[in-house]
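Visitor: kindly generate the corresponding structure for this input.
(4 chains)
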2 protein chains.
Amino acid sequence: MTTELSPRAREIVAVARQLLEEKGPAGLSMRRLADRVGIRASSIYKHLPDKQALEHAIVSTVFEELADEFEAALEHADPVGTMVAIYRRYAKDHPHLYRLMTEQPLQRDLLVPGVEERASLPARLLVGDDPDAGRALWAFAHGMTILELNDRFPPSADIDAAWRAGFDAFRRYAENAQ
Amino acid sequence: MTTELSPRAREIVAVARQLLEEKGPAGLSMRRLADRVGIRASSIYKHLPDKQALEHAIVSTVFEELADEFEAALEHADPVGTMVAIYRRYAKDHPHLYRLMTEQPLQRDLLVPGVEERASLPARLLVGDDPDAGRALWAFAHGMTILELNDRFPPSADIDAAWRAGFDAFRRYAENAQ
DNA sequence: GTCTATATCAAGATAGAC
DNA sequence: GTCTATCTTGATATAGAC
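Guide: Residues are numbered from 1 along each chain as shown, chains lettered A, B, ... in the order given. Next comes the predicted model:
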């Protein structure tokens, strides 16, 4: 459980997160992590059971960070647009974290309880009271984000325009539903 | 270049594809592949320069297969709906192939020339003459697909309904644009 | 075009001393 | 809570004989 992490474990997780952001998933090995922390790889296992736990602890910090930003966006004039912009921005600034967070099934019992819900609650508020449309919008945002990260759009593509088109489609959908 | 693959190389690629589908990316090693083919790992390098080339050869076969299915869908009454259904279905039936195809930047010079375009041409036809909306729809479809594969929707989510909501949003968007 | 043999490197994880 | 030493497993890839 990430909830009961010791202060020392939290330090290690913070270093691991930095390492991942810098070097990518292949760069996050227990040995390299230990090097940065200044201890031996075997010592990490005194603080965290295994690599999976480490990764999920990192993901928890990301969820918390995103949730904070989303909640702050509720104050803005256009919260929906702001949150989508935050989402896109965050992925661009932290591509490896974004991948870690989305590119694999989560083991939810390894997360800090509640963080996933906190980070997804704003998304559920986006499209009126329609959770299905909310998930569809999330899928669109994730699709755009990850396809861009993976360089899957042709060089000629106007990615901003694609974001606008999809966003408009969902906005109109939400308006007509009311 | 995948274009100039020898018949023997093609056999190896076909076995590799099967292996990937069965065991996932971690299961696709040169050794295991060689085992299945009935030769030694080192012999593979007489037919394919490296693993990257092997993976891109597999991806090319997938593009071709998908393109064929998409083009056949043009005959249907509702080609748009049919293609989206094909897309979703294909990913569900071949999750590892789908991941291989989408979860990394492609090195396009390693693909059979033209296959990517063939597979994406139907997608571009979906939303009128608006390539931005077409890309947005693709992003939506990919997002839904990969989030479902990665088990990222909560158990309570009605995934069919989310597909419908997003699809409706884009359909209405396309109708209003005309 | 296949083989044997090997280079090279890396990973996650554990045992047990201190 | 840290260490040394080690286990176990795996990978991609090359050299050179046949």
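Visitor: can you give the distance of the helix or strand containing A:A119 from its chain's centre?
Guide: Using DSSP states H and E, A:A119 sits within helix A:115-126. Helix A:115-126 has its C-alpha centroid displaced from the chain centroid by 12 Å (C-alpha atoms, centre = their mean, to the nearest Å).
Visitor: for that helix, packing partners?
Guide: Under the contact criterion of 3 or more C-beta pairs under 8 Å, 6 or more residues apart in numbering or on different chains; DSSP states H and E, helix A:115-126 touches helix A:51-73, helix A:79-93, helix A:131-149. For glycine as for every other residue, the C-beta is placed from the backbone atoms N, C-alpha and C.
Visitor: winner for burial among these?
Guide: Per residue and on average, the most neighbours among the helices and strands packed on helix A:115-126 fall to helix A:131-149, with a mean of 24 (mean count of other C-beta atoms under 10 Å in any protein chain shown).
Visitor: now that one against helix A:79-93, angle please.
Guide: 30 degrees (axes from the mean of the first three to the mean of the last three C-alpha atoms, to 10 degrees).
Visitor: report the angle between helix A:131-149 and helix A:115-126.
Guide: 110 degrees.
Visitor: does any part of helix A:131-149 sit near chain B?
Guide: Yes. Applying C-beta under 8 Å from any C-beta of the partner chain, one finds helix A:131-149 touching chain B at A:131-133, A:135-144, A:146-147.
Visitor: for A:L149, give me its contacts.
Guide: A:L149 sits next to A:91-92, A:95, A:98-99 when contact means C-beta atoms under 8 Å, 6 or more residues apart in numbering or on different chains.
Visitor: show me which residues of chain A sit near DNA strand D.
Guide: A:6, A:8, A:34, A:38-43, A:46-47 (C-beta under 7 Å from any atom of the strand).
Visitor: among these, which are located in helices?
Guide: A:8, A:34, A:41-43 (DSSP state H).
Visitor: export the helices and strands packed on helix A:115-126 to JSON lines and tack on mean pLDDT and distance to DNA strand C?
Guide: Shown next, in JSON lines, are the helices and strands packed on helix A:115-126 (pLDDT from 0 to 100; distance: least, C-beta to the nearest atom of the strand, whole Å):
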{"stretch": "helix A:51-73", "mean pLDDT": "97", "distance to DNA strand C": "4"}
{"stretch": "helix A:79-93", "mean pLDDT": "94", "distance to DNA strand C": "24"}
{"stretch": "helix A:131-149", "mean pLDDT": "96", "distance to DNA strand C": "22"}
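Visitor: neighbour-wise, which one of the ones in helices among the residues of chain A next to DNA strand D leads?
Guide: Highest neighbour count within those: A:A34, with 17 neighbours (other C-beta atoms under 10 Å in any protein chain shown).
Visitor: that one and A:K46 touch, don't they?
Guide: No. The pair A:A34 and A:K46 fails to qualify as a contact (C-beta atoms under 8 Å) at a distance of 11.3 Å.
Visitor: what strand or helix carries the closest residue in space to A:H94 that isn't next to it in sequence?
Guide: Nearest residue to A:H94, sequence neighbours excluded (C-beta to C-beta, 6 or more residues apart in numbering or on different chains): A:E21, at 6.1 Å. Using DSSP H and E, A:E21 maps to helix A:7-23.
Visitor: confidence score at A:L125?
Guide: On pLDDT, A:L125 comes in at 77.
Visitor: how close does it sit to A:A133?
Guide: To A:A133, A:L125 is 12 Å away according to C-beta to C-beta, to the nearest Å.
Visitor: can you check A:R99 too?
Guide: Applying C-beta to C-beta to A:R99 and A:A133 gives a distance of 26 Å.
Visitor: report pLDDT for the residue nearest to A:D130 when sequence neighbours are not counted.
Guide: Of all residues not flanking A:D130 in the chain, A:A177 sits nearest, at 6.3 Å (C-beta to C-beta, 6+ apart). Looking at A:A177, its pLDDT reads 77.
Visitor: looks like A:A177 contacts A:A133 (just checking).
Guide: Yes. Using C-beta under 8 Å, A:A177 is in contact with A:A133, at 7.4 Å.
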